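Asker: model the following, please.
(one chain, ligands or ions: 1)
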Amino acid sequence: MKKILLVTAHPDDAEISMGGTIRKLLNQGHHIINMIFSIPSNIEVRKQEAILSAREFGYEVRFSEHCEGNNVEDIPLHKLIKELDDIIEKVDPDEVYTHWMKDSHQDHQKLSKVVRSCFRKKQFTIYEFEQINQNNNIAANQFHPNIYSDITEFMEDKKRMITIFQSQLTGYMGHYLVNAEHIGSWRGSQVNSKYAETFLLIFSKEVL
Ligand SMILES: [Zn+2]
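Answerer: This is a model prediction of the structure:
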């Protein structure tokens, strides 16, 4: 059993980006903790959505001590690094999944940087996930994955996860569910499967 830590900015980032892979890893018997660092508004509702999804699918969710009412960019870098250092020390993860370093969202970028800073003390495998943010195709088109995860079996679960985050499915964010289908199918077609999620493997802890 691997210990897997997801380092994410907002409730729903993990599920939108890698919900199928979360489900797949859980199926393989691994333990997953999703650590969320920011809920700037609508705090109780968004917290509950994250808790509900985690409970329904069997992973753990934790919230940063700084998360309530803050954007990630409002929290000093040294405080984020200190908090994640402590979590990594306690959890001792085999693998960490986080945002892409060049993600178009400044909060996502900052957390990705925090993960790499924490790497100085302990080594773990790092994956950065692909995430579409408000149709920002300038950044999205620059993501070149080197790992594909076939999620054909788990696509329905991924959609169910995204649906749990009801507060995020309105207005300009209402496309998440449709996009999960489109991007999943597009990435799947690149590896001869119906649906896939993709990642950038930054470092592998395994020594051959
Ligand atoms: Zn986010």
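
Asker: which residue does this protein have closest to the ion?
Answerer: residue 10 (3.6 Å; Cβ to the ion). Using the backbone N, CA and C atoms, a C-beta is placed for each residue, glycine as well.

Asker: show me what from this structure comes close to the ion.
Answerer: 9, 10, 13 (Cβ under 5 Å from the ion).

Asker: now those: which count as buried?
Answerer: Buried subset of the residues of the chain next to the ion (neighbour count, 16 or more other Cβ atoms under 10 Å): 9, 10, 13.

Asker: pretty sure the residue of the chain closest to the ion is touching residue 107, no?
Answerer: Yes: using Cβ atoms under 8 Å, residue 10 is in contact with residue 107, at 7.3 Å.

Asker: worst mean pLDDT across the helices and strands of this structure, which element?
Answerer: Taking mean pLDDT, DSSP states H and E as the measure, the chain has helix 137-140 as its least confident helix or strand, at a mean of 83.

Asker: send me it as CSV with only the CA atoms.
Answerer: Taking Å, rounded to 0.1, in the frame of the first residue of the first chain, the C-alpha atoms of helix 137-140 are listed here in CSV:
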residue,chain,number,x,y,z
ASN,A,137,-6.2,27.5,-23.4
ILE,A,138,-3.0,29.6,-23.6
ALA,A,139,-1.6,27.7,-20.6
ALA,A,140,-3.5,24.5,-21.2
